[in-house]
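Asks: okay, here's the prediction I keep looking at, along with the sequence it came from:
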Amino acid sequence: MRSAIYWASALGGALPGLWLWWQYQTGALGVVPDEVLLHQTGRFGLMFLMGTLAVGFAHFLTGWVALFAARRPLGVWTFAYALSHALIWAWFDQGGVLAFMRMEMMEMRHVQLGLAALVLMAPLALTSFNAAQRLMTLRRWKWLHLLTWPAAVLALVHAWSVARFEAPLVTALGAALALMMATRLFTVVRHRAKKS
Amino acid sequence: MPRYRFPEPPARLITPRALVMDRRSVMAGLGAAGLMAGLPGSGRADTLAAEPWPGSATDEITSHEVATGYNNFFEFGTAKDDPARHAHTLRTDPWRITVSGHANAPGEIGIEDILSGFDLEERIYRLRCVEAWSKVIPWIGFPLRDLLARFDPTSDAKYVEFETLYDPAQMPNQTGDDIDWPYREGLRMDEAMHPLTLLAVGMYGEVMPNQNGAPIRLVVPWKYGFKSIKSIVGIRLVSERPVSSWEARAPREYGFYANVNPQVRHPRWHQATERRLHDGGRIATQMFNGYEEQVAHLYDGMDLTENF
């Protein structure tokens, strides 16, 4: 029996995408809609990534264990939005031309950072099944999913390097990430201290 | 996956272009006869007559919708649709340009004298933004050198500095500090006197829309778009090289010359390709935006990587 928190995050995560898709189909995304698709899917990916990490932080603040049910669905949606962001880049922004994509990957730091974040998240998305958890053992699965943290750092630097005037938002997200990382380290240290 | 397209109207329902243009000439005729004055909401005639220019680009013209709906004009906001949404507050009549500095006959000229005093041409130019997108726009205007000649620059005039209107009541984002307002741009004298360098007062057969830099703007087709300063109120003939607004804000990223050059990258992105809006896909960027034959000699012996 899955919890309401699980279903709310598993189904609710589709809403931003559906809303964007609806606007795209009805021509509500302005005169250059592909660019809005690109930017919005990137923002959704970043926000879901921060939301996934915020579950642990919210638990740290409230001690409410049931919240953890939201973490995996939010993580999977993060990857879904990040992947669609990359595909929209490849198909619309680069026109599907491999030579152009290769050049951007070779020369542009923000493309490298974004793709690196996506690559780090890929094994996490691929092991999002209960069976994978059992096969790997929970301990190793948890270790693997620590990759979320470097992926978040890469994604934020990626966003910061393309932000023109949105830099304050990205800076705020960076501060939030630093705070969450610090509390995470604090809980680990406290946990270790209790054990010994 | 293809985006759903609403059904296109059958050909028989589409008004032939010639008839549309004919309507425009009727309206222009009304304007000339002073009859427009009696129509509600018509300050100035909205159309401009211009001679076609033989050197026009043959690329497919960008739609009017995109040309007027996707703009960088930070005086009205930093989002691409901000100028179209907010530029209605700009008052373009009356409008005067002050020409000062090293000239034998410095002074002012009103927009009405500009519109009636120069031979207007329709020139289709490629416009390449430093952000790696491009458009193809049918401008209406006349060479900058024709205007400068009226004020008779002296031999001390080595550079031309341009200034946009500063009035936060009309340009709401000037209350912010994205740029050290007013926006300023500059050209070397030989660039300013080049026959391709245009002062545009209209586009697509109409007077310049506010969001595109009404009532008069610069168009330098071989340079990145930010050089083509909008809504000009001041022109100064100077002996020292002026500092452009973007150069002042980020000197590592935006140089004074800002010539379109696929080999010289921006610190954060390369300039080898561009998105042709909308939707000409992604294409290779040409040296000097395809105007190499006409302008390369201006930069003989210059290191274009150093002078980006």
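Replies: That came through, no problem. Numbering: from 1, shown residues only, chains lettered A, B, ... in the order given.
Asks: all helices for chain A, in order.
Replies: A:4-12, A:15-25, A:33-62, A:71-88, A:98-107, A:109-126, A:130-136, A:138-144, A:148-162, A:167-195 (DSSP state H).
Asks: rebuild those as a markdown table, extending it with distance to chain B, mean neighbour count and mean pLDDT.
Replies: Yep, even glycine has a C-beta here, placed from its N, CA and C like the rest. Listed next are the helices of chain A as a markdown table, based on distance: least, Cβ to the nearest Cβ, whole Å; neighbours: other Cβ atoms under 10 Å in any protein chain shown; pLDDT from 0 to 100:
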| stretch | distance to chain B | mean neighbour count | mean pLDDT |
| --- | --- | --- | --- |
| helix A:4-12 | 23 | 15 | 96 |
| helix A:15-25 | 5 | 14 | 97 |
| helix A:33-62 | 7 | 19 | 96 |
| helix A:71-88 | 10 | 21 | 97 |
| helix A:98-107 | 5 | 14 | 95 |
| helix A:109-126 | 7 | 18 | 97 |
| helix A:130-136 | 29 | 11 | 91 |
| helix A:138-144 | 32 | 12 | 93 |
| helix A:148-162 | 6 | 20 | 95 |
| helix A:167-195 | 11 | 12 | 91 |
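Asks: in CSV, list the ones you listed along with distance to B:Ile216.
Replies: Supplementary listing: the helices of chain A in CSV, determined by distance: least, Cβ to Cβ, whole Å:
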stretch, distance to B:Ile216
helix A:4-12, 51
helix A:15-25, 36
helix A:33-62, 29
helix A:71-88, 38
helix A:98-107, 37
helix A:109-126, 37
helix A:130-136, 65
helix A:138-144, 61
helix A:148-162, 33
helix A:167-195, 33
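Asks: for the residue nearest the centre of chain A, what are its contacts?
Replies: By Cα atoms, centre = their mean, chain A has its centre lying nearest to A:Leu49, at 3.0 Å. A:Leu49 makes contacts with A:78, A:82, A:148, A:151-152, A:155, as judged by Cβ atoms under 8 Å, 6 or more residues apart in numbering or on different chains.
Asks: check B:Met21 and give its pLDDT.
Replies: With respect to pLDDT, B:Met21 scores 52.
Asks: same question, the one 5 residues further on
Replies: We note a pLDDT of 47 for B:Val26 in this prediction.
Asks: same question for B:Arg44.
Replies: 45.
Asks: with the one 4 residues further on instead?
Replies: B:Leu48 is assigned a pLDDT of 94 by the prediction.
Asks: thought it was touching B:Pro138?
Replies: No. Contact criterion Cβ atoms under 8 Å: B:Leu48 and B:Pro138 do not qualify, at 11.0 Å.
Asks: give the residues shared as contacts by those two.
Replies: Contacts common to B:Leu48 and B:Pro138, judged by Cβ under 8 Å, 6+ apart, are B:Gly205.
Asks: okay, and for chain B, where does confidence drop off?
Replies: The model of chain B has pLDDT under 70 over residues B:1-45.
Asks: rerun that using 90 as the cut-off
Replies: B:1-46, B:177-178, B:267-268, B:278-279 (pLDDT under 90).
Asks: pull up the residues of it that are close to chain A.
Replies: B:3-4, B:6, B:63, B:65-66, B:69-70, B:78, B:80-81, B:178, B:265, B:268-270, B:272-273, B:275, B:277-279, B:281-282 (Cβ under 8 Å from any Cβ of the partner chain).
Asks: report the buried members of those.
Replies: Applying 16 or more other Cβ atoms under 10 Å in any protein chain shown to the residues of chain B next to chain A, the neighbour count classes B:66, B:69-70, B:78, B:80-81, B:269-270, B:272-273, B:275, B:277-278, B:282 as buried.
Asks: just to revisit the earlier point, tell me which of the helices of chain A sits nearest to B:Glu247.
Replies: helix A:167-195 (19.9 Å; Cβ to Cβ).
Asks: now for that closest one, which elements pack on it?
Replies: helix A:33-62, helix A:148-162 (3 or more Cβ pairs under 8 Å, 6 or more residues apart in numbering or on different chains; DSSP states H and E).
Asks: quick one: the shortest one to helix A:109-126, angle?
Replies: Right, the one you point to is helix A:148-162. 150 degrees (axes from the mean of the first three to the mean of the last three Cα atoms, to 10 degrees).
Asks: what does helix A:148-162 contact?
Replies: Residues contacting helix A:148-162 (Cβ under 8 Å, 6+ apart): A:42, A:45-46, A:49-50, A:52-53, A:75, A:82, A:109-110, A:113-114, A:116-117, A:120-121, A:124, A:167, A:170-171, A:173-174, A:177, A:181, A:184, B:268.
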